[in-house]
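K.L.:
Just to be clear, the model below is a prediction. Sequence and coordinates:
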Amino acid sequence: MAAGHADKFHHVRDFPHFELPWQLKLHLPDIFGLQISKFMLLQLVAVIFIFLVFRGLAKRAAGGQVVTGRWWNFWESIVLYMRDQVVRPTIGEGHHDDDHSHTNHQERKVGHPADKYLPFVLSCFFYVLICNLLGVFPWMGSATGELNVTIALAFTTFCAVVYFGSKEQGPIQFWLSLAPPMELPLALKLVLVPMIWLIELAGFLIKHAVLAIRLFANIMAGHTVIAVFLGFIAMTADSGMWAIVMPSSIIAQILVGLLELFVAFLQAYVFAFLATLFIGAAVNPH
């Protein structure tokens, strides 16, 4: 414990430094009045890692060549799964005019209509995934365990949904389409439609807010459980139970750590899947 961290939640808290063993600290610089924080640096690491991986993958897949190598096949398999099992079936083909054979030929040539949303969904997935996985390493941290970060991610998704929906339907029609079409008498329609539109608008905003809270809560939960097990060791440090509690807590931490690896992938998938659902609802109105 002496070599540990004073703050057991350091993995999900932002600081202007990195906490190292034996209570040492690696302080980060202040650049022109902007204090660089741990999560800012880790998010930059995530972005650079994703850029390098997919730049290399794109080069190998250029010209329709087969991607070889376990490392590259691993990333390619995730991309293909997200494309074929998440984005395409969730968003669908949208509204297209089957009477124009030239247009259909162009669509077949370019690919599935939903593929144009794939870059954003993949960016969400891999960004959240790498940020989650960085929290598994000692002295690092999960930026997605910080509410400000998840709010920014949810706001980015909100802006993307509004942009894609407005581009597909037009800005005015996009907002009007929040309320489903209803066959009602005019007098009743004038009363109910505005009320339903306001309810739908509130739901539209709330579901993006929930996107931020659920990611933050799930990442924080895993680190909370680990902190509890660490607390068991500290509580029994001066008692005869320490010899029993210490190895039990360490084993429990290892098991929870393995579970967190699964949760890192799961939460990235859920975030990307929900973002895809929101985009699908925006570009395919009622």
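P.N.:
On my side now, so go ahead. These figures come from a predicted structure and were not determined experimentally.

K.L.:
Which strands or helices does the helix or strand hosting residue 245 pack on?
P.N.:
Residue 245 is part of helix 242-283, with elements assigned from DSSP states H and E. If you count contacts as 3 or more Cβ pairs under 8 Å, 6 or more residues apart in numbering; DSSP states H and E, helix 242-283 packs onto helix 88-91, helix 118-134, helix 147-169, helix 186-235. The C-beta positions use only the backbone N, C-alpha and C, and glycine is treated the same way.

K.L.:
Quick one: list the elements packing against the longest one.
P.N.:
Contact here means 3+ Cβ pairs under 8 Å, 6+ apart; on that basis helix 186-235 packs against helix 147-169, helix 242-283.

K.L.:
could those helices go into CSV alongside mean pLDDT?
P.N.:
Putting the helices and strands packed on helix 186-235 into CSV (pLDDT from 0 to 100) gives the following:
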stretch, mean pLDDT
helix 147-169, 95
helix 242-283, 85
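
K.L.:
With respect to residue 71, which of those helices lies nearest?
P.N.:
Closest approach to residue 71 among those (Cβ to Cβ): helix 242-283, 17.0 Å.

K.L.:
now that closest one against helix 118-134, angle please.
P.N.:
Relative orientation of helix 242-283 versus helix 118-134 (axes from the mean of the first three to the mean of the last three Cα atoms, to 10 degrees): 170 degrees.

K.L.:
Report the angle between helix 242-283 and helix 186-235.
P.N.:
160 degrees.

K.L.:
ok and helix 242-283 relative to helix 147-169, angle-wise?
P.N.:
Using the same axes, to 10 degrees: helix 242-283 against helix 147-169 is 20 degrees.

K.L.:
Just give me the neighbour total for residue 15.
P.N.:
15 (other Cβ atoms under 10 Å).

K.L.:
From residue 25, how far out is it?
P.N.:
8 Å (Cβ to Cβ, to the nearest Å).

K.L.:
so who does residue 186 touch?
P.N.:
With contacts defined as Cβ atoms under 8 Å, 6 or more residues apart in numbering, residue 186 has no neighbours.

K.L.:
separation between it and residue 168?
P.N.:
If you go by Cβ to Cβ, the gap between residue 186 and residue 168 works out to 29 Å.

K.L.:
which parts of stretch 113-126 are buried?
P.N.:
113, 114, 116, 117, 118, 120, 121, 122, 123, 124, 125, 126 (16 or more other Cβ atoms under 10 Å).

K.L.:
before we move on, what about stretch 47-65?
P.N.:
Judged by neighbour count (16+ other Cβ under 10 Å), stretch 47-65 contains these buried residues: 50, 53, 54, 57.

K.L.:
In TSV, list these along with secondary structure and pLDDT.
P.N.:
Below are the buried residues of stretch 47-65 laid out as TSV (DSSP: H, G, I helix; E, B strand; the rest coil; pLDDT from 0 to 100):
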residue	secondary structure	pLDDT
50	helix	96
53	helix	94
54	helix	93
57	helix	91
